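>>> got a structure for you, letters missing:
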């Protein structure tokens, strides 16, 4: 049985669950049983968790089930032990092995669908995989062990899948920016939330109004400094949403425009005119809008470079804060309209005097979210 506990839980994908899955998904699972050191995340893992919820109770929304059944890609995680000396070679070999198996079965594998996880053991690998997802409903992973598939999931995934909620429960730098102890979505964070909402994979998203206020304040500063162009508050990501995610689907594009208009990111409502406007903005800036398909070698190099930069950045921030002659100041916040909060932070390096965050962020990390902070497309 599935139950909702604070820690990561798991459930076996038994025959009752498998029978609910589309034939193509069952085929992929059978195929991947042959390859060691691989986990499945993304749409397939989420669909399998939903299947278990249907069998054992907790999921009854047929409309969302039908949407999730349409699997567009196969998201895989290659798992390796930490500090592996020949990591690049091992990743590429694993990819070639998997690609060969896929091709034999007339399936496509793309480098962009591969994630890499380094961990000391299987437990930390699962924690790493679930912790790297963006929305809580994606905090699920499939691992084949001892003759059967097992679904690992977070309590947030279970709860929010049942409720149809799109939310960030564990703030990550790719999805959320930090601002004096507070958080607000990054451009990518906004678009990820909107993608799931527009596609009907969730009924509503957690997006309190003060997040948008903080984001637009930050955006105006970047426009003034020349870091971002005017009239493009989400940068390239609006085009990603309208063209890459929903290109050719006029109904979805119109729903996306309603959301962008409601949230104050544009005063336009026509998708075609909006796309033209955004393309013109970036063309005038001399920037070509395109998403590059990387080879597996490039994907690995980008991963290794990102890993190196992250380590260097952490050391640099730590050194800067150690050497900084702090100028602490009190920053008051009442953006939520409910509480008057304050945090003491350094105006030079941003260090919090007490190393904490505001209560709203603490509650969010615990999965406690304000019922008035949701947005849905009317």
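That came in fine, so what should we check first? If you're wondering where the values come from, they're calculated on a predicted model, not measured in any experiment.
>>> tell me, what residue is most central in the protein?
In the chain, the residue lying closest to the centroid (Cα atoms, centre = their mean) is residue 134, at 2.1 Å.
>>> how about low-confidence regions in the protein?
Scanning the chain for pLDDT under 70 picks out 1-6, 169-171, 289-292, 317, 320-321, 354-356.
>>> Do you have the helices of it handy? List them.
15-18, 23-32, 42-56, 62-69, 87-104, 122-131, 155-163, 187-198, 209-225, 237-239, 250-262, 271-284, 296-323, 359-365 (DSSP state H).
>>> out of these, which comes closest to residue 351?
The closest of the helices of the chain to residue 351 is helix 296-323. By Cβ to Cβ, the value is 4.9 Å. In this view, the C-beta of every residue, glycine as well, is placed from N, C-alpha and C.
>>> My read is that residue 174 contacts residue 189, right?
Yes. Counting by Cβ atoms under 8 Å, residue 174 touches residue 189, with 7.5 Å between them.
>>> any shared contact partners between the two?
Shared contacts of residue 174 and residue 189, defined by Cβ atoms under 8 Å, 6 or more residues apart in numbering, comprise residue 134.
>>> When these two are compared, which one has more neighbours?
residue 189 (25 against 10; other Cβ atoms under 10 Å).
>>> List the buried residues in stretch 88-104.
90-92, 94-95, 98-99, 102 (16 or more other Cβ atoms under 10 Å).
>>> Please name the nearest non-neighbouring residue to residue 69.
residue 22 (5.4 Å; Cβ to Cβ, 6 or more residues apart in numbering).
>>> dump the residue contacts of residue 29.
Counting by Cβ under 8 Å, 6+ apart, residue 29 has contacts 13, 18, 21, 40, 44, 142, 144, 149.
>>> check contacts around the last one.
By Cβ under 8 Å, 6+ apart, the residues touching residue 149 are 12-13, 29, 33, 48, 142-143.
>>> Go through those and flag which are in strands.
Under the assignment DSSP state E, the contacts of residue 149 contribute 12, 142-143 to strands.
>>> Would you mind listing which of the residues you listed are buried?
By 16+ other Cβ under 10 Å, the ones in strands among the contacts of residue 149 give 142-143 as buried.
>>> Now flag whichever of the ones in strands among the contacts of residue 149 is closest to residue 126.
The closest of these, once distances to residue 126 are taken by Cβ to Cβ, is residue 143, at 7.2 Å.
>>> for the closest one, which residues make a bridge with it?
residue 39, residue 150 (DSSP bridges).
>>> thinking it is in contact with residue 123, fair?
No. Residue 143 is beyond contact range of residue 123, at 11.1 Å (criterion: Cβ under 8 Å).
>>> quick one: residue 57 and residue 165, what's the gap?
18 Å (Cβ to Cβ, to the nearest Å).
>>> who's in contact with residue 270?
By Cβ under 8 Å, 6+ apart, the neighbours of residue 270 are residue 257.
>>> With residue 239 as the reference, measure out to it.
Taking Cβ to Cβ, one finds residue 270 at 15 Å from residue 239.
>>> likewise residue 189?
16 Å.
>>> re earlier: compare residue 57 and residue 165 and say which is more crowded by neighbours.
More neighbours surround residue 165 than the other of residue 57 and residue 165, with 21 against 11 (other Cβ under 10 Å).
>>> my read: the more buried one touches residue 156, true?
No. Using Cβ under 8 Å, residue 165 is not in contact with residue 156; the gap is 9.1 Å.
>>> Identify the residues contacting the closest residue in space to residue 88 that isn't next to it in sequence.
Using Cβ to Cβ, 6+ apart and skipping residues adjacent in sequence, the residue nearest residue 88 is residue 300, 5.2 Å away. In this structure, residue 300 makes contact with 88, 91-92, 116, judged by Cβ under 8 Å, 6+ apart.
>>> can you tell me which two in those are farthest apart?
92 and 116 (11.0 Å).
>>> so what's the residue located most distally from the centre of the chain up against?
Computed with Cα atoms, centre = their mean, the maximum C-alpha offset from the centroid of the chain is found at residue 325, amounting to 36.1 Å. Contacts were defined as Cβ under 8 Å, 6+ apart; by that measure residue 325 touches residue 348.
>>> Return the distance of it relative to residue 365.
Residue 325 is 31 Å from residue 365, by Cβ to Cβ.
>>> my read: residue 213 touches residue 336, true?
No. Under the criterion of Cβ under 8 Å, residue 213 makes no contact with residue 336, lying 10.2 Å away.
>>> what number of residues lie near residue 68?
Residue 68, neighbours per other Cβ under 10 Å, totals 21.
>>> can you tell me how far it sits from residue 347?
For residue 68 relative to residue 347 (Cβ to Cβ), the value is 46 Å.
>>> what's the answer for residue 262, then?
Residue 262 is 35 Å from residue 347, by Cβ to Cβ.
>>> Could you do residue 287 as well?
33 Å.
>>> Then residue 329?
Taking Cβ to Cβ, one finds residue 329 at 5 Å from residue 347.
>>> Contacts only, for the closest residue to residue 161 other than its chain neighbours.
Among residues not flanking residue 161 along the chain, residue 137 sits closest, at 5.2 Å (Cβ to Cβ, 6+ apart). Shown in contact with residue 137 (Cβ under 8 Å, 6+ apart): 46, 157, 160-161, 165-166, 196, 201-202.
>>> Quick one, which of those are buried?
By 16+ other Cβ under 10 Å, these give 46, 157, 160-161, 165-166, 196, 201-202 as buried.
>>> of those, closest to residue 373?
For these, the nearest to residue 373 is residue 165 (10.9 Å; Cβ to Cβ).
>>> What number of residues are in the vicinity of residue 37?
Residue 37 has 15 nearby residues by other Cβ under 10 Å.
>>> please begin residue numbering at 101 from this point
OK, 101 is where the count begins now, so the last one is residue 137.
>>> Right, I'll call it a day here.
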